[in-house]
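A.B. asks: Any chance you can model this:
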Amino acid sequence: MNKDIEELNKKLTFAKETVDCIRENLKQEYFKILDKDYELENAMLTCNSEYNPMLLEDGLYSWSRFTVPDKYLDIKDILAEYLSDRGFILDAENDSILSYYGDDYIGIQEDTRHDNGVWQGHKLIIEESEYLDNSGSVNVKQRNQLIEQHMEETGIFPCVGIVTRYGEFQPVDTLFKD
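C.D. replies: Predicted structure coming up:
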């Protein structure tokens with residue numbers, strides 16, 4: 001290789017490493033400022049404490065309203081990384097932050113679609129016909145007992161909820177107290 005090209009490549013590599021180091025140091029300085037932001041801290045606490053479940057294709061999330069303040073508009077990518085490091089997803093387009101609960105939940109689908117039943121992930125675990133009464137209505141007690149039985153058999157006790165056609169997840173207490 002040409003000696004001049006080798007020298008330029010060394011300088012370019014050094015410049016990239018220097019810029020990366022400066023960028024990382026600046027990011028840490030931004031993070032220190034974000035650590036002290038009460039509004040941002042409150043939004044994260046709200047997202048974790050106000051159980052606003054939402055079901056998306058890749059799992060169950062909780063969400064909270066959060067509009068990126070004007071002072072952070074120029075650093076949205078840094079704000080998103082800051083939130084990500086703390087387990088949150090910035091959805092600036094929808095003025096919210098999300099907290100991922102996971103994909104191991106049990107969803108009850110009862111909205112007259114063809115895929116009604118009880119699902120875990122993308123697998124049907126209890127067919128709707130197993131808990132319909134003679135009139136075709138859902139026997140809630142029977143359904144919940146079947147869900148409890150499934151959890152006992154698998155040893156996995158995830159959150160359980162009714163899934164609406166709009167992706168809302170309404171928690172269900174499957175333990176009946178007679």
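A.B. asks: how many neighbours does G59 have?
C.D. replies: By other Cβ atoms under 10 Å, the residues close to G59 number 14. All C-beta spots, glycine's among them, are computed from the backbone N, C-alpha and C.
A.B. asks: Now it. Nearest residue, chain neighbours left out?
C.D. replies: Closest residue to G59 apart from its sequence neighbours, by Cβ to Cβ, 6 or more residues apart in numbering: D103 at 3.7 Å.
A.B. asks: Kindly report the same for Y30.
C.D. replies: I78 is the one closest to Y30 (Cβ to Cβ, 6+ apart), at 4.9 Å.
A.B. asks: can you check Y131 too?
C.D. replies: Distances taken as Cβ to Cβ, 6+ apart place R143 nearest to Y131, at 3.9 Å, with adjacent residues excluded.
A.B. asks: Please report how far the one you found lies from D85.
C.D. replies: 40 Å (Cβ to Cβ, to the nearest Å).
A.B. asks: the more surrounded of the two?
C.D. replies: Between R143 and D85, counting by other Cβ under 10 Å, R143 is the more crowded of the two (21 against 9).
A.B. asks: Mind checking what secondary structure the more buried one has?
C.D. replies: Classification of R143 by DSSP: H, G, I helix; E, B strand; the rest coil places it in helix.
A.B. asks: who touches it in this structure?
C.D. replies: For R143, the contacting residues are I108, V118, I126, Y131, by Cβ atoms under 8 Å, 6 or more residues apart in numbering.
A.B. asks: Inside strands: which ones of the residues you listed?
C.D. replies: Judged by DSSP state E, strands contain the following of those: I108, V118, I126.
A.B. asks: Next one, pLDDT for H114 please.
C.D. replies: Here the pLDDT value assigned to H114 is 65.
A.B. asks: wait, I meant S49
C.D. replies: Predicted confidence (pLDDT) for S49: 72.
A.B. asks: From the structure, what's the count of residues near it?
C.D. replies: By the criterion of other Cβ under 10 Å, S49 has 10 neighbours.
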